[in-house]
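A.B. asks: I would like the atomic coordinates for the input below:
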Amino acid sequence: MKGQRIGYVRVSSFDQNPERQLEQIEVDRVFTDKASGKDTKRPQLEALLTFAREGDTVVVHSMDRLARNLDDLRSLVHDITRRGIRVEFIKEGLTFTGDDSAMSKLLLSVMGAFAEFERALIRERQREGIALAKQRGAYKGRKKSLRPEQIIQLRNRANAGEKKSDLAREYGISRETVYQYLRK
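C.D. replies: The predicted model follows:
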């Protein structure tokens, strides 16, 4: 029995274009998460895992789109293939069927390690770039949600006993942001 080809797409932010990941790849259905790879709660990945059946193939652009790190990648691929579902990575040109051969385990580990290493390098370069920009005075961080006079007003009202959730709604900020302003 030939199963369905099910695509999984993950983009880190809402402004990234998810279409490019499986562009020109034929799939019957696509599950798309808009979440950081470090997030363990990815609702569309969970939905895909519930939806997929024996004989299906899960198609992913690259290993780093599926997993946060090497351990997570190995675990996910093992769990999926154990159920008789193939996993195909387009960028790496690899397909895993659960045959558990020594070569497939090696390829998964080596390619997963390279993907993890590549992400670490990107994060390191990003941190270095931000540090240099801060030294030049070009990087100021995110713009404050409230003006200084609003912060004073917020603190006074919170100290007077007003509910943080009410203040957050009124000022159009999250409760966590209210608490951050109160801690400073």
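
A.B. asks: Which of the three states applies to Thr95?
C.D. replies: Per DSSP: H, G, I helix; E, B strand; the rest coil, the secondary structure class of Thr95 is strand.

A.B. asks: Please apply the same query to Lys140.
C.D. replies: coil.

A.B. asks: Count residues in the vicinity of it, would you?
C.D. replies: Lys140 is flanked by 9 other residues according to other CB atoms under 10 Å. Every C-beta, even on glycine, is put in place using the N, C-alpha and C of the backbone.

A.B. asks: Look up how far Thr57 lies from Gly84.
C.D. replies: 11 Å (CB to CB, to the nearest Å).

A.B. asks: quick one: low-confidence ranges for this structure?
C.D. replies: For the chain, applying pLDDT under 70 flags the ranges 1, 13-17, 37-40.

A.B. asks: burial count for Arg29?
C.D. replies: 13.

A.B. asks: Not counting sequence-adjacent ones, nearest residue to it?
C.D. replies: Leaving out its chain neighbours, the residue that sits closest to Arg29 by CB to CB, 6 or more residues apart in numbering is Ile6, at 5.4 Å.

A.B. asks: Which of the helices or strands spans that neighbour?
C.D. replies: Ile6 belongs to strand 5-11 when assigned by DSSP states H and E.

A.B. asks: got it, and Ala168?
C.D. replies: Judged by DSSP H and E, Ala168 forms part of helix 164-171.

A.B. asks: hey, where'd the helices end up in the protein?
C.D. replies: 43-51, 63-66, 70-82, 102-136, 148-159, 164-171, 175-183 (DSSP state H).

A.B. asks: buried set for stretch 27-43?
C.D. replies: Buried residues in stretch 27-43, counting neighbours by 16 or more other CB atoms under 10 Å, are found at Val27, Val30, Phe31, Thr32, Asp33, Ala35, Gly37, Arg42.

A.B. asks: end-to-end on that stretch?
C.D. replies: End-to-end distance for stretch 27-43, by CA to CA, to the nearest Å: 20 Å.
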